[in-house]
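Asks: Output the structure for:
(chains A and B)
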2 protein chains.
Amino acid sequence: MIIKHSEEVESKKIVEEGVEGVHKQRLLTPEMGAPNFTMRKFTVEEGGFTFYHQHDFEHEVYILSGQGVARKEDNEIEISAGDAILVEPNEIHQFVNRGKEEFVFLCLIPNDAKM
Amino acid sequence: MIIKHSEEVESKKIVEEGVEGVHKQRLLTPEMGAPNFTMRKFTVEEGGFTFYHQHDFEHEVYILSGQGVARKEDNEIEISAGDAILVEPNEIHQFVNRGKEEFVFLCLIPNDAKM
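Replies: Down below sits the predicted model:
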């Protein structure tokens, strides 16, 4: 059994075009023995957003705190703490902080995911 | 994209020997199209506990609220909000509420998990 407290896991700011104010932590990973899927935690600053993109693997997301939207190709949906979201393979998506606080969520992906 | 608010997902109390005060919700499932893994949410009442057992698949757990312990074969470890836990395949484990509030956590498993 491996226990990681989120506060103790390294947080890396994603510095790439198309992303703003997003910090990523890898909580449970294949390197520590997770056989099938990887648990990441994202913290999005006020005004921040993740990539607007698509890929051939799914996301399983759980919103921990803050107020945001999930953008799809045709619309966007408000999301907040307690919402669970399945982003299906090849679906265009983006997560945007629309609140005044940090927008924080878990996002799990299969270990063999390739961007 | 499928969005489920936890409050709207059916909660089932697990009534089996070896389990006490545990309510289970299946948030993201293969039936709704999750390709690889399943997100469940568990709410454990004061004094409650999950199975003390083992199986050949992993758990990926994230503690949402409350105070509990993760029991292993040889010891137990206090866990609380923000802790991420990898229960490795075949590892004996149990989650016990040791607080005065509900103990709430996500627990993800591979879709092909068989108890």
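
Asks: So A:Glu78: helix, strand or coil?
Replies: Following DSSP: H, G, I helix; E, B strand; the rest coil, A:Glu78 is assigned to strand.

Asks: and chain A, which residues reach chain B?
Replies: A:1-7, A:9, A:27-28, A:32-37, A:39, A:41, A:57-58, A:60, A:62, A:64, A:70, A:72, A:77, A:79, A:82-89, A:91, A:93, A:106, A:108, A:110 (CB under 8 Å from any CB of the partner chain). (Glycine included, C-beta is placed from N, CA and C.)

Asks: Would you mind checking the residues you listed for buried ones?
Replies: A:1, A:3-4, A:6, A:9, A:27-28, A:34, A:36-37, A:39, A:41, A:57-58, A:60, A:62, A:64, A:70, A:79, A:82-88, A:93, A:106, A:108, A:110 (16 or more other CB atoms under 10 Å in any protein chain shown).

Asks: Among these, which lie within strands?
Replies: Counting by DSSP state E, the part of those found in strands is A:3-4, A:27-28, A:37, A:39, A:41, A:60, A:62, A:64, A:70, A:79, A:83-87, A:106, A:108, A:110.

Asks: and the spatially most central residue of chain A, what does it touch?
Replies: With distances taken as CA atoms, centre = their mean, the residue of chain A nearest its centroid is A:Cys107 (4.1 Å). Residues counted as contacts of A:Cys107 (CB atoms under 8 Å, 6 or more residues apart in numbering or on different chains) are A:Arg40, A:Lys41, A:Phe42, A:His59, A:Glu60, A:Val61.

Asks: What of A:Gly66?
Replies: A:Gly66 touches A:Val44, A:Ser80, A:Ala81, A:Asn97, A:Gly99, A:Glu101, A:Glu102, A:Phe103, A:Val104, counting by CB under 8 Å, 6+ apart.

Asks: try it again with 10 Å
Replies: By CB atoms under 10 Å, 6 or more residues apart in numbering or on different chains, the residues touching A:Gly66 are A:43-44, A:46, A:79-81, A:97-105.

Asks: Now restrict the residues you listed to buried residues only.
Replies: Using 16+ other CB under 10 Å, the buried ones in the contacts of A:Gly66 are A:Thr43, A:Val44, A:Ile79, A:Ser80, A:Ala81, A:Asn97, A:Arg98, A:Gly99, A:Glu102, A:Phe103, A:Val104, A:Phe105.

Asks: now, among those residues, which is nearest to B:Glu17?
Replies: Here the nearest of those to B:Glu17, counting by CB to CB, is A:Ala81; it sits at 34.2 Å.

Asks: What's the per-residue pLDDT of that closest one here?
Replies: On pLDDT, A:Ala81 comes in at 97.

Asks: Does it touch A:Leu106 like I think?
Replies: No - counting by CB atoms under 10 Å, A:Ala81 stays clear of A:Leu106, with 11.5 Å between them.

Asks: intersection of neighbour lists for the two?
Replies: In contact with both A:Ala81 and A:Leu106: A:Tyr62, A:Ile63, A:Leu64, B:Leu64, using CB under 10 Å, 6+ apart.

Asks: before we move on, back to that, and the gap between the residue nearest to the centre of chain A and B:Gly99?
Replies: Plainly put, A:Cys107 is 28 Å away from B:Gly99 if you go by CB to CB, to the nearest Å.

Asks: Equivalent analysis for A:Glu45, please.
Replies: 32 Å.

Asks: Low-confidence ranges, chain A, go.
Replies: For chain A, applying pLDDT under 70 flags the ranges A:115.

Asks: Touching, A:Lys12 and A:Arg26? I think so.
Replies: Yes - with contact defined as CB under 10 Å, A:Lys12 and A:Arg26 form a contacting pair (8.6 Å).
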